Every structure is written in C-alpha cells, then in structure tokens.
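Participant: Kindly generate the corresponding structure for this input.
(one chain, ligands or ions: 1)
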Amino acid sequence: MSAPIIARVEGGAFHAMANDLGELLADVVNAGASVGFLRPLSAAAASAWWRSIDDGVRAGHIIVLVARVDGRLAGTAQLRLAAMPNQAHRADVAKVLVRPSMRRRQLGGTLMSAIESEARQRARTLLVLDTESGSDAEKFYVALGWTRSGVIPRYAQDTDGTMRATTIFYKELTR
Ligand SMILES: CC(C)(COP(=O)(O)OP(=O)(O)OC[C@H]1O[C@@H](n2cnc3c(N)ncnc32)[C@H](O)[C@@H]1OP(=O)(O)O)[C@@H](O)C(=O)NCCC(=O)NCCS
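Facilitator: The predicted structure follows:
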C-alpha cells in the first residue's frame, strides 16, 4: 500500500465528494460500525447525510479530512468546533471512518494526527468524542492516548437496533 494522502475538503470540493463519502459511510455502517445509522444504509441515504452538513463545512465550523490511498477514498475524520464563546478552546471529533478493507494499516492513526494538527492550528486544545463501548474504535482511541471520562448506558442503538452503552473520551493537546 502506498502512503496515504491526507487532505482537507472544503466548499465546492466537499459538495462534489458527497457521493464518494456516502459510499464510504455506507460501507463502514454496513460492516457494523455504530456511527449514527442503522443498517442497511444505502449509499444514497449516506450521501444525503454528508450534504446535510455542507453549510457547516462551508462556514468552517466543521473541518473534514479525507485519506486517499492510490487515488481511492480510504478514510475520513472530522473536527467540529465548539460554538459557544466560553468553549473556544474545545472541539468534538466525529465520523472517524476507515474503509473496512483498509484497517490496521495506521490510516486511522494518521487521520487522527492530522485532526490534532487542525485543532492545534485553531487553538482547540481540548478534544471530546464518544464511541460505542467495547467497540474496535474504543480500543483505537485508548491506543492513541485518549482518556475515558465515563460510560453512558443505553446511549444509542447499534447498527442492528440493540441499545448499547457509549464511552466518552477526551484528549488535551499541548500547543
Ligand atoms: C476505529 C478505526 C477508525 C481505526 O482505524 P484503523 O485505520 O484500522 O486504525 P489504525 O490502523 O491506525 O490503528 C491504530 C492502533 O489502534 C488500535 N486498534 C485499531 N483497531 C483495533 C482493533 N480492531 N482492535 C484492537 N486495537 C485496535 C491498535 O493499537 C492500532 O495499532 P496496531 O495496528 O499497530 O496494533 C476503524 O476501525 C473504523 O473505521 N471503525 C469503524 C468506524 C468507527 O467506529 N469509528 C469511530 C467512531 S467514533
């Protein structure tokens, strides 16, 4: 596998990528990842979700990164800047997705390093995320040095409709 190319997607380019991002999101959800959707998820429905965040991306409130390997979309991650004036140092991390066929090749870790760099550039030194308790993603965030702050039972359904707990994580960045 050649080295991934990580890029920020903005404005018109983001809109033009909605179908590719939708296909990736559907691939990840249909493989069983709990990231907000039930399965089966069609690529069309997933693309519509990406289009629904277009305004936030254009306004710069949501930073979307993509990873390409050999020209193909292989992963994505996003940083959502906290809007309230008393949280100008904080952001949420969301939709960290790596194509099932491309996992365990450090793509997710590379995306998260790039997300941290985007956060630092904006003086966002406290990052927060949640993920399904007991999932591969939980192990991934622990491996990347995130701190568990707690578990909320019955927070969301998994892709097959069963209620699952979620784990809240945070990470403080040094500037
Ligand atoms: C979580 C996810 C993004 C990880 O992506 P990835 O590219 O496979 O991760 P990496 O290869 O960078 O893994 C980095 C380290 O995390 C840990 N890790 C990652 N996946 C793991 C797993 N399935 N089991 C145990 N540890 C894991 C390992 O320590 C790994 O290092 P190693 O491979 O050298 O042992 C990917 O599994 C995914 O897309 N999952 C579904 C979507 C999801 O749940 N996203 C999170 C929503 S908040």
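
Participant: what number of residues lie near residue 118?
Facilitator: Number of residues near residue 118 (other Cβ atoms under 10 Å) recorded here: 19. Every C-beta, even on glycine, is put in place using the N, C-alpha and C of the backbone.

Participant: Sorry, wrong one. I was asking about residue 80.
Facilitator: Close neighbours of residue 80, defined as other Cβ under 10 Å, add up to 21.

Participant: That one belongs to a strand, doesn't it?
Facilitator: Yes - judged by DSSP: H, G, I helix; E, B strand; the rest coil, residue 80 forms part of a strand.

Participant: Would you mind measuring from it to the ligand?
Facilitator: Here residue 80 is placed at a distance of 12 Å from the ligand (Cβ to the nearest ligand atom, to the nearest Å).

Participant: Now that residue 144 has come up, it's in contact with residue 111, right?
Facilitator: No - using Cβ atoms under 8 Å, residue 144 is not in contact with residue 111, being 10.4 Å away.

Participant: For stretch 37-48, list every residue counted as buried.
Facilitator: 37, 41, 43, 46-47 (16 or more other Cβ atoms under 10 Å).

Participant: for stretch 24-34, same thing?
Facilitator: Neighbour-count burial for stretch 24-34, counted by 16+ other Cβ under 10 Å, picks out 24-30, 33-34.

Participant: Can you get me a residue count around whichever residue of the chain sits closest to the ligand?
Facilitator: Distance from the ligand to each residue of the chain (Cβ to the nearest ligand atom) is smallest for residue 108, at 2.5 Å. Residues within reach of residue 108, counting by other Cβ under 10 Å, total 23.

Participant: same check, this time on residue 169
Facilitator: If you count neighbours by other Cβ under 10 Å, residue 169 ends up with 22.

Participant: and it, what does it touch?
Facilitator: Residue 169 makes contacts with 128-131, 141, 146-149, as judged by Cβ atoms under 8 Å, 6 or more residues apart in numbering.

Participant: which of residue 144 and residue 111 has more neighbours?
Facilitator: It is residue 111, of residue 144 and residue 111, that has more neighbours when counted by other Cβ under 10 Å, with 24 against 14.

Participant: hmm, back to that, can you narrow the buried residues of stretch 24-34 to ones near the ligand?
Facilitator: When Cβ under 6 Å from any ligand atom is applied, the members of these adjacent to the ligand are 28, 33.

Participant: what packs against the longest helix along the chain?
Facilitator: Counting residues, the longest helix found in the chain (DSSP state H) is helix 107-121. Contact here means 3 or more Cβ pairs under 8 Å, 6 or more residues apart in numbering; DSSP states H and E; on that basis helix 107-121 packs against strand 5-9, strand 62-69, strand 72-81, strand 90-98, strand 126-132, helix 136-143.

Participant: between it and helix 136-143, what angle do the directions make?
Facilitator: Interaxial angle, helix 107-121 versus helix 136-143 (axes from the mean of the first three to the mean of the last three Cα atoms, to 10 degrees): 60 degrees.
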